[in-house]
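**Student:** pasting the sequence and the predicted model now:
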Amino acid sequence: MGEMVLLKRKGWMNTVVLALALCVAGGTMGLAQGPGKPAGSNSNSGSSTGSTGVTNELGEAVQAEQQLAKPGPSVTPSTSTAGSVDPSFHGSLVRDKATDGVLALSIDDAIQRGLRNNLGLILQSSSEKQASGQRLEALQKLLPTATGQASIEVQQVNLAAYGLKFPGLNPIIGPFQTEDFRVYLTQSLFNLKSFQDYLAARHNFEAAKLTAQDARDLVVLTVGNAYLLCIADAARIEAVKAEMDTSKVSLDQANAAHEAGTSPRLDVLRAQVDYQNEQQQLIATTNDLAKDKLSLARTIGLPLEQKFELSDTAPFAALDAPDADKAFQQALKQRKDLAAAAETLKAAEAQKKSAFDQQLPHADFAGDYGDLGETVGHSHATYSATGTISAPILQIAQTHGDELVAAGQYDQAKAKLSDQVQQVNADVRDAILDIQTAAKLVEATKSNVDLANEALSEAQQRFKVGIADTLPVSQALAADEQARDQYISALYQHNVAKLALARALGVAATNYKDYLGGK
């Protein structure tokens, strides 16, 4: 998603830039031959040879641009099984109030704030608490339960109301008082179903705990992506400002040439349009940065009215891509979501056994001990003890139905775990490929920027000395702007790919600095 946002902002120029780059190449060849010279003329063979070299280099730049137009690495946090993004990881709880000053925010500060305030992590932690409570509830069914009770009862009984009449005996008895202080105890002696239910609850709790730990990796990936996107926006603003300064120089040259009578009004108009286009682009990129900073603030729990600036940049730092097979084996050991899925499978297996065990007998004990009498001073100890063995006799449909439900849930958990293992394998290999590709794109686009700068400088010099109009300058300016933009995009993709590898290996929350900084 993040990569598509980057490409969409320049998407309307993709088709045009290819034509412009070709025009720059063709225009440079024509201008090198001199105005009015045929294409096959040998009158300026030295210039033609140099122009051919530039043309070949610009052709390579066009190829690099075509590569950049292809989809890059996935940069959105997603669950391995469904591939869907949990929107809660883009929200947060705001715990602090905005300050008057401008906050200097580093990527480490942003990630630490996200780990404290991100809504996705908070919800997962709450789910862990719920699972812990359910585990204790299931455990209580296996433990003794003791309750205490104290009662004082005053009665007056009318024997006649019960049909008891005795000559010479008053049917009204009482009032009389009874005091009872008693402790009740119940204990499950043998119940396999309750035991399997407890095992299932315990495995579900472990799964919830591991999922909460895995959520920390997703927070790092989400916050890191948002921060890197803001860095890319800031770099674009600086690039557009540089292009605007360059277009202003071209505009001043066009005005001077027109006033001197050596250039038509069309050159001035074309340079003016280029300059105003850069102004519009600056407005758009500034707005993009402001909106992406709001998204970053939402992710880490900053008040939206809080002003902050990015204190970190994201320069290119090469990362030695690990061996895919070894990295996959490492991920199998470290990915918390895989461990959580394994615990979920164990819980489903326990539920499957519980469904079968409900048809088995179970033994229970219940007893009480207390002091019963008219008053405390006129009382005596009493007690009772009861042992019970119970077994279902006729509930075939319910038992079979529960077994089918539990078996279906077990099959689902087993299939999801198997698929998730393969998804982790794919995540690792995708991240490694993305890092390798993005590193090559950084190198190609950096060369593209140098070529485009050279072409722009040459076009400006030719216009300045009066051997060309402003059309090659306008074309070269557009190609230079696109080259800078694609270089920024390549840097962004490379850094996000390194974060994605850290997440694929299950170490994003602990070792993200190592991956962003390179090894």
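**Tutor:** Cool, the structure landed.

**Student:** this protein: strands as residue ranges?
**Tutor:** In the chain, strands defined by DSSP state E lie at 103-105, 145-158, 172-190, 308-310, 362-373, 379-390, listed in chain order.

**Student:** buried deepest among the ones you listed, which one?
**Tutor:** A comparison of the strands of the chain by mean neighbour count, using mean count of other CB atoms under 10 Å, puts strand 308-310 on top with a mean of 17. In short, each C-beta sits where N, CA and C put it, glycine included.

**Student:** which other residues reach that one?
**Tutor:** Strand 308-310 is contacted from outside by 102-106, 227, 230-231, 234, 293, 297, 302, using CB atoms under 8 Å, 6 or more residues apart in numbering.

**Student:** now swap in stretch 414-427 and tell me
**Tutor:** Residues outside stretch 414-427 that contact it (CB under 8 Å, 6+ apart) are 80-81, 83, 328, 331-332, 335, 337-338, 341-342, 344-345, 348, 500, 503-504.

**Student:** lowest-scoring secondary structure element of this structure by mean pLDDT?
**Tutor:** Every helix and strand of the chain was ranked by mean pLDDT, DSSP states H and E. The lowest is helix 14-33, at a mean of 37.

**Student:** narrow the contacts of stretch 414-427 to just the buried residues.
**Tutor:** 80, 328, 331, 335, 337-338, 341-342, 344-345, 348, 500, 503-504 (16 or more other CB atoms under 10 Å).

**Student:** now these in TSV, with pLDDT?
**Tutor:** Shown next, in TSV, are those (pLDDT from 0 to 100):
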residue	pLDDT
80	37
328	95
331	95
335	95
337	94
338	95
341	96
342	96
344	96
345	97
348	96
500	93
503	94
504	94
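
**Student:** which residue, other than its chain neighbours, is closest to residue 303?
**Tutor:** In this structure, residue 303 finds its nearest non-sequential neighbour in residue 98, 4.0 Å apart by CB to CB, 6 or more residues apart in numbering.

**Student:** residue 241 and residue 293: what is the separation?
**Tutor:** Residue 241 sits 18 Å away from residue 293 when distances are taken as CB to CB, to the nearest Å.

**Student:** out of the two, which sits in the busier spot?
**Tutor:** residue 293 (24 against 14; other CB atoms under 10 Å).

**Student:** count of neighbours near residue 217?
**Tutor:** Neighbour tally, residue 217, other CB under 10 Å: 25.

**Student:** if we ignore the residues flanking it in sequence, what's nearest it?
**Tutor:** Going by CB to CB, 6+ apart, residue 217 has residue 508 as its nearest residue, at 4.1 Å.

**Student:** thought that neighbour was touching residue 221?
**Tutor:** Yes - under the criterion of CB atoms under 8 Å, residue 508 makes contact with residue 221 at 5.8 Å.

**Student:** now do the shared contacts for those two.
**Tutor:** Both residue 508 and residue 221 are contacted by residue 499, under the criterion CB under 8 Å, 6+ apart.

**Student:** with adjacent residues omitted, what lies nearest to residue 191?
**Tutor:** Closest to residue 191 by CB to CB, 6+ apart is residue 362, at 4.0 Å.

**Student:** how about residue 174?
**Tutor:** Spatial nearest neighbour of residue 174, excluding adjacent residues (CB to CB, 6+ apart): residue 156 at 3.7 Å.

**Student:** skip the chain neighbours and tell me the closest residue to residue 220.
**Tutor:** residue 508 (4.3 Å).

**Student:** report pLDDT for the one you found.
**Tutor:** For residue 508, the pLDDT comes out at 92.

**Student:** now do the one 10 residues further on
**Tutor:** On pLDDT, residue 518 comes in at 57.

**Student:** what does residue 362 give?
**Tutor:** So, for residue 362, pLDDT stands at 94.

**Student:** again with the one 3 residues further on
**Tutor:** Reading off the per-residue confidence, residue 365 sits at a pLDDT of 96.

**Student:** gap between it and residue 195?
**Tutor:** As defined by CB to CB, residue 365 lies at a distance of 16 Å from residue 195.

**Student:** and for residue 310?
**Tutor:** For residue 310, the distance to residue 195 - CB to CB - is 55 Å.

**Student:** next: residue 404.
**Tutor:** Note on residue 404: its distance to residue 195, by CB to CB, is 22 Å.

**Student:** with neighbour numbers in mind, choose between those two.
**Tutor:** Neighbours per residue (other CB under 10 Å) separate residue 404 from residue 195, with residue 195 holding more: 18 against 11.

**Student:** quick one: stretch 180-194 to chain centroid distance?
**Tutor:** Relative to the chain's own centre, stretch 180-194 is displaced by 48 Å; criterion: CA atoms, centre = their mean, to the nearest Å.

**Student:** got the CA positions of that stretch in CSV?
**Tutor:** Extracted in CSV, the C-alpha atoms of stretch 180-194 (Å, rounded to 0.1, in the frame of the first residue of the first chain):
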residue,chain,number,x,y,z
ASP,A,180,-25.9,-22.3,61.9
PHE,A,181,-22.2,-21.7,61.1
ARG,A,182,-21.0,-23.9,58.2
VAL,A,183,-18.3,-24.5,55.6
TYR,A,184,-19.1,-26.2,52.3
LEU,A,185,-16.5,-28.0,50.2
THR,A,186,-16.7,-29.4,46.7
GLN,A,187,-14.0,-31.2,44.7
SER,A,188,-13.9,-32.8,41.3
LEU,A,189,-12.1,-36.1,41.9
PHE,A,190,-12.1,-37.4,38.3
ASN,A,191,-13.2,-35.5,35.3
LEU,A,192,-11.2,-35.9,32.1
LYS,A,193,-13.4,-33.4,30.2
SER,A,194,-12.6,-30.6,32.6
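
**Student:** helices of the protein, start to end?
**Tutor:** 2-9, 14-33, 45-68, 107-117, 119-140, 192-259, 265-300, 324-334, 336-357, 396-464, 471-505, 508-517 (DSSP state H).

**Student:** which residues touch the residue nearest to residue 217?
**Tutor:** Neighbouring residues of residue 508 by CB under 8 Å, 6+ apart: 216-217, 220-221, 224, 499, 502, 515.

**Student:** so which of the residues you listed sits lowest on pLDDT?
**Tutor:** residue 515 (88).

**Student:** neighbours around that one, how many?
**Tutor:** So residue 515, with other CB under 10 Å, has 24 neighbours.

**Student:** ok, it - contacts?
**Tutor:** Each residue near residue 515 by CB under 8 Å, 6+ apart is listed here: 319, 498-499, 501-502, 508.

**Student:** by neighbours, which of the residues you listed wins?
**Tutor:** With neighbours defined as other CB under 10 Å, the most crowded of the contacts of residue 515 is residue 498; it has 29 neighbours.

**Student:** now that residue: closest residue in space that isn't a chain neighbour?
**Tutor:** Distances taken as CB to CB, 6+ apart put residue 515 closest to residue 498, at 4.4 Å, once the chain neighbours are dropped.

**Student:** if I look at the one you found, how far off is residue 431?
**Tutor:** 10 Å.

**Student:** shared neighbours of the two, anything?
**Tutor:** residue 501.

**Student:** surely residue 451 is in contact with residue 482?
**Tutor:** No - under the criterion of CB under 8 Å, residue 451 makes no contact with residue 482, lying 11.8 Å away.

**Student:** okay, and the common contacts of the two?
**Tutor:** With the criterion set as CB under 8 Å, 6+ apart, the contacts of residue 451 and residue 482 do not overlap.

**Student:** tell me the contacts of residue 182?
**Tutor:** Residues near residue 182 by CB under 8 Å, 6+ apart: 148-150, 368-372.

**Student:** tell me the pLDDT of it.
**Tutor:** Looking at residue 182, its pLDDT reads 94.
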